[in-house]
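**Q** have a look at this prediction, sequence included:
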Amino acid sequence: MIEVDGLRGQAVKQENLKETIIERKFLTKNYRLQLNKDICNGCGVCFEVCPHEAIKLLQSTVYEGHLIQKPSIDIDDDACVMCGECSVLCPLNALVMEVDGKEIATIVENEAFPVLVKEITVSKEKCVSDCDFRCQKECPTEAIKVSTTSSENGETLERIDVKIDKSLCVYCRRCEFACDQKAILVKKPFMGKITVNLDACPEGCVACSEVCPTYAIHIEDGKPAINDELCIFCSACEKVCPNQAIEMTREWVFHMDVQAAAWLTALKKLTSLKIVAKELRIKSGKRRAHVVRAREIKIK
């Protein structure tokens, strides 16, 4: 990679086979957006929400039912304003935004965009030493590492720790379903549904299963079967299907409270106008309840 110093405020783009880095340096702050091409599956969430259309979605290549080239993105450094909406919403953590070396999106720092609610908790007291570490084996991104120690006789193992690398976790729930002890709970940031028109599905095509980052799609009798519980609603399968036989809709996005037009615009792109209206109704109800409580307290 060649290092290039640009003028103050001018975006500098560096790119190789594994990553794209865009930096914009000012007197008071430095901004850095990094794309990990190995992680990115071209799902297009960033493309959908980018407020300045700085992201271009490059199509996949499917040949004889197999994914030869996954979808990908290209970022126009001249159009990019380093807002970081793409990094906040990337389902796979392929985009990372930094401000002065701290991982945070500019738009979140300015309180104009919410942080998504996505959680994974492990009750270590429920863990047992003979589970074959299924949570670690099932994790599609290698985000789980189980630490063990041998007893004095060296014959048994006792679990001492389960660590989750949240920069890799995509909150797919594979670990949760793999754990027989119910020691893991996962909350996804996106809720939705995905359907397949089997009549339109090309016979023998496996491209959707090959692009799925959580292995939520498997092939049964030459047709795809989707496990909604494991789907993270990234829509990559929808993008690669040569016959548009897959339809994905997001029905809700869990996030921290924020009052900003930028978020409502992004939410409309991610979901629908109906979902935006629902969120506004919920917020309005919360505000009314807050006013009522405040009045009751004042009266007392």
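**A** It's in.
**Q** what's around N16, how many residues?
**A** 10 (other C-beta atoms under 10 Å). Yep, even glycine has a C-beta here, placed from its N, CA and C like the rest.
**Q** now do it against C127, distance only.
**A** 41 Å (C-beta to C-beta, to the nearest Å).
**Q** the strands in the stretch 101-250 of the chain, which residues?
**A** Under the criterion DSSP state E, counting those that start in this stretch, the stretch 101-250 of the chain contains strands at 102-103, 119-122, 144-150, 157-164, 184-187, 190-196, 217-220, 223-226, 246-253.
**Q** could you tell me the least trusted of those strands?
**A** Lowest mean pLDDT within the strands of the stretch 101-250 of the chain: strand 157-164, at a mean of 78.
**Q** give the buried residues for stretch 125-133.
**A** By 16 or more other C-beta atoms under 10 Å, the buried positions in stretch 125-133 come out as 127, 131, 133.
**Q** what's the answer for stretch 258-265, then?
**A** Buried-residue list, stretch 258-265, by 16+ other C-beta under 10 Å: 258, 262-264.
**Q** would JSON lines of those with secondary structure and pLDDT be doable?
**A** What follows is those, written out as JSON lines (DSSP: H, G, I helix; E, B strand; the rest coil; pLDDT from 0 to 100):
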{"residue": "V258", "secondary structure": "coil", "pLDDT": "84"}
{"residue": "A262", "secondary structure": "helix", "pLDDT": "92"}
{"residue": "W263", "secondary structure": "helix", "pLDDT": "94"}
{"residue": "L264", "secondary structure": "helix", "pLDDT": "93"}
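**Q** can you redo the strands of the stretch 101-250 of the chain as TSV with mean neighbour count?
**A** Listed next are the strands of the stretch 101-250 of the chain as TSV, based on neighbours: other C-beta atoms under 10 Å:
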stretch	mean neighbour count
strand 102-103	10
strand 119-122	16
strand 144-150	14
strand 157-164	14
strand 184-187	17
strand 190-196	17
strand 217-220	14
strand 223-226	18
strand 246-253	18
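**Q** now render those as TSV, adding distance to L58.
**A** Formatted as TSV, these follow (distance: least, C-beta to C-beta, whole Å):
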stretch	distance to L58
strand 102-103	26
strand 119-122	31
strand 144-150	31
strand 157-164	32
strand 184-187	31
strand 190-196	23
strand 217-220	22
strand 223-226	23
strand 246-253	19
